[in-house]
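1. can't give you the sequence, but here's the structure:
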Ligand code: HEC
């Protein structure tokens with residue numbers, strides 16, 4: 001028994017040392033033991049010290065005991081026995097109270113009258129731990145009923161919607177404050193010469209390798225036609241450049257290399273290439289893009305052959 005307590009004390013001390021170190025030393029997601037292997041050494045020292053203390057205390061105990069007179073020894077032994085006996089008395093009492101079981105020798109007090117082919121039934125009290133749990137659940141149900149069905153408390157859905165609204169407001173506030181913040185929702189087509197030239201510089205530096213310097217297409221699709229795999233218009237093109245194309249196709253996300261403003265420039269430049277005639281254009285890929293915001297006054301459809309048509313749309317400038 002004594003040894004068990006020594007082992008428990010020492011393990012507790014080691015565990016405490018580890019927990020304290022984890023709480024006080026900043027190591028991110030990793031454990032202290034991974035980041036500072038020297039900590040193993042510290043633990044080793046603590047372990048040795050703890051063992052030394054346990055051993056010395058035990059030895060001291062023994063020496064004192066030996067120095068006692070036989071009468072005193074008996075008194076000491078008796079005191080220790082009482083202490084041992086009462087050590088877990090509180091736990092044991094609580095445990096017994098929570099079960100409220102009749103001791104087996106008193107079972108005849110609660111045995112019921114009937115007898116089913118020799119099988120008899122005891123009328124035990126309900127175990128208090130269960131009974132109190134039951135009462136607690138009744139109280140909980142009452143509060144729940146009142147809160148959500150009588151006083152219309154916020155449901156999970158309401159809470160979720162409130163949180164989303166809060167987060168949206170925070171995003172809006174952030175966009176207001178971050179001057180020049182551009183994303184796929186707020187981007188506008190730029191047409192100024194300076195902007196287009198800035199876009200052109202980015203395009204020839206980063207994009208021409210795959211899309212050709214004139215946008216005619218190579219590894220990447222033709223950017224001058226009206227057909228888009230990932231959607232045309234400034235918002236879609238901005239989004240494609242920022243987030244990349246379909247996985248494995250070769251068009252990577254550029255948002256880590258280019259600032260939002262630069263993506264807006266190069267996207268505007270790409271759109272300025274529309275309807276130009278590249279040297280060696282790639283076949284159109286994707287779908288014909290019609291700007292959903294465009295006010296179309298007239299649509300002309302011409303059949304070229306059984307597989308293709310040409311669509312011309314015009315609208316009057318205000
Ligand atoms: C490594 C080659 C490569 C580079 C470099 C590259 N692209 Fe692409 N790009 C592609 C490929 C391949 C696709 C087709 C993606 C798909 O099919 O999902 C594509 C698609 C696109 C699209 C959409 C076309 C459509 O039809 O929807 C745009 C716009 C685009 N790229 C612009 C750019 C811009 C701007 C740059 C430079 C910042 C760039 N690309 C750099 C290979 C490249």
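-> Right, received. Where do you want to start? What you are looking at is a predicted structure, and each value in this text was computed from that prediction instead of being measured.
2. how distant is the helix or strand containing residue 77 from the center of its chain?
-> In the assignment (DSSP states H and E), residue 77 maps to helix 70-86. From the chain centre to the centre of helix 70-86 is a distance of 57 Å (CA atoms, centre = their mean, to the nearest Å).
3. what helices or strands is it leaning on?
-> On a contact count with 3 or more CB pairs under 8 Å, 6 or more residues apart in numbering; DSSP states H and E, helix 70-86 meets no helix or strand. Placement of C-beta: from N, CA and C, glycine included.
4. tell me the buried residues in that helix?
-> By neighbour count on 16 or more other CB atoms under 10 Å, the buried set for helix 70-86 is empty.
5. now it: mean pLDDT?
-> Helix 70-86 shows a mean pLDDT of 88.
6. can you list the residue ranges for strands in this structure?
-> Remark: strands assigned in the chain by DSSP state E are 111-116, 119-122, 227-228, 287-288, 298-305, 308-314.
7. excluding chain neighbours, what is closest to the closest residue to the ligand within the stretch 51-200 of the chain?
-> At 8.3 Å from the ligand, residue 199 is the closest residue in the stretch 51-200 of the chain, using CB to the nearest ligand atom. Once flanking residues are discounted, residue 199 sits nearest to residue 269: 2.8 Å by CB to CB, 6 or more residues apart in numbering.
8. the ligand contacts on this structure?
-> Within the chain, the positions adjacent to the ligand are 203, 206-207, 209-211, 219-221, 223, 228-230, 237, 240-241, 245-246, 249-251, 254, 266, 270, 285-286 by CB under 6 Å from any ligand atom.
9. ok, 5 Å please
-> Within the chain, the positions lying close to the ligand (CB under 5 Å from any ligand atom) are 206-207, 210, 219-221, 228-230, 237, 240-241, 245-246, 249-251, 254, 266, 286.
10. which members of the residues you listed are positioned in helices?
-> 206, 210, 237, 240-241, 266 (DSSP state H).
11. the residue nearest to residue 199 reaches residue 196, doesn't it?
-> Yes: using CB atoms under 8 Å, residue 269 is in contact with residue 196, at 5.5 Å.
12. between the two, who's got more neighbours?
-> residue 269 (24 against 17; other CB atoms under 10 Å).
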